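Asks: Provided below are the primary sequence and the corresponding predicted coordinates.
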Amino acid sequence: MRPLTEEETKLVFEKLYKFVGKNIKALVDRPDEPYCFRLQKNRVYYVRESLMKKATNIARDKLVALGTCIGKLTHTGKFRLTVGALDILAQHAKYKVWVKPSAEMQFLYGNNILKSGLARITENTPAYTGVVVYSMSDIPLGFGVSAKPTNEVREMDPSGIVAFHQADVGEYLRAEDEL
């Protein structure tokens, strides 16, 4: 497990910035204990510094995981957030989308959010920015990217796409071998 390089850190923070905005500073400089990002086998982990220091006694090849896996670096050099980052994103989310109970299962099966399934959306959400998807009872279901700004969403037809799916809690069942 090693620290991220300058370029890897830039990729991770750019992706996280799409979802949490200026709250990104609160991820690393937490009031309870400092956290850091570490890389192990192309997976990026969000780890307490005290836990990371204790793990230095374990050989790299014997270490399976440490902390919360928030994403992975692809072979093409891009960073993809995984569903493990949902708890962190939900705490600091800048833009949110709430879906109706009838549309929850569709989203959990990996489909995009349609206007007919939209219950609420954060005001002034721009197009193509990260959104966290919640149920009506404020349970985080996943995250995605907004397809249109809030003012256009109000006037679109019910079959129009409001947010593109990226990850959801249903992936724990669909892709448990890959996580």
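Replies: Arrived safely.

Asks: looking at this structure, which residue reaches furthest from the middle?
Replies: For the chain, the C-alpha farthest from the mean C-alpha position belongs to N57; by C-alpha atoms, centre = their mean, that distance is 30.2 Å.

Asks: where's it relative to P34, distance?
Replies: Computed as C-beta to C-beta, to the nearest Å, the N57 to P34 distance reads 20 Å. For glycine as for every other residue, the C-beta is placed from the backbone atoms N, C-alpha and C.

Asks: try Y17
Replies: When distances are taken as C-beta to C-beta, Y17 and P34 turn out to be 20 Å apart.

Asks: tell me which of these two has more neighbours.
Replies: More crowded of Y17 and P34, by other C-beta atoms under 10 Å: Y17, with 15 against 12.

Asks: now the element after the longest helix seen in the chain, going C-ward?
Replies: Assignment by DSSP state H gives helix 6-20 as the longest helix of the chain. For helix 6-20, the succeeding helix or strand toward the C-terminus, using DSSP states H and E, is helix 24-28.

Asks: buried residues of the longest helix of the chain, list them for me.
Replies: Under the neighbour-count criterion of 16 or more other C-beta atoms under 10 Å, helix 6-20 has E8, L11, V12, F13, K15, L16, K18, F19, V20 buried.

Asks: from memory the second one sits against R80, does it?
Replies: No - taking contact to mean C-beta atoms under 8 Å, the distance of 9.9 Å between L11 and R80 leaves them out of contact.

Asks: shared neighbours, the two?
Replies: Here L11 and R80 have L73 as joint contacts, going by C-beta atoms under 8 Å, 6 or more residues apart in numbering.

Asks: let me have the buried residues of helix 6-20 in CSV, adding pLDDT as columns.
Replies: Formatted as CSV, the entries for the buried residues of helix 6-20 read as follows, by pLDDT from 0 to 100:
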residue, pLDDT
E8, 93
L11, 94
V12, 93
F13, 93
K15, 92
L16, 92
K18, 91
F19, 91
V20, 91
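
Asks: list just the nearest of these to I161.
Replies: The shortest distance between I161 and any of these, using C-beta to C-beta, involves K18 and amounts to 17.9 Å.

Asks: residues in contact with the closest one?
Replies: Residues near K18 by C-beta under 8 Å, 6+ apart: T129, G130, V145.

Asks: please enumerate residues in contact with stretch 81-95?
Replies: If you take C-beta under 8 Å, 6+ apart as the criterion, stretch 81-95 is touched by 15-16, 19-21, 23-24, 26-27, 46, 68-72, 121-122, 125, 129-132, 134, 140, 142-143, 146, 166-169, 171-172, 179.

Asks: now do the buried residues in that stretch.
Replies: Within stretch 81-95, the residues that qualify as buried are 81-86, 88-90, 92-95, counting by 16+ other C-beta under 10 Å.
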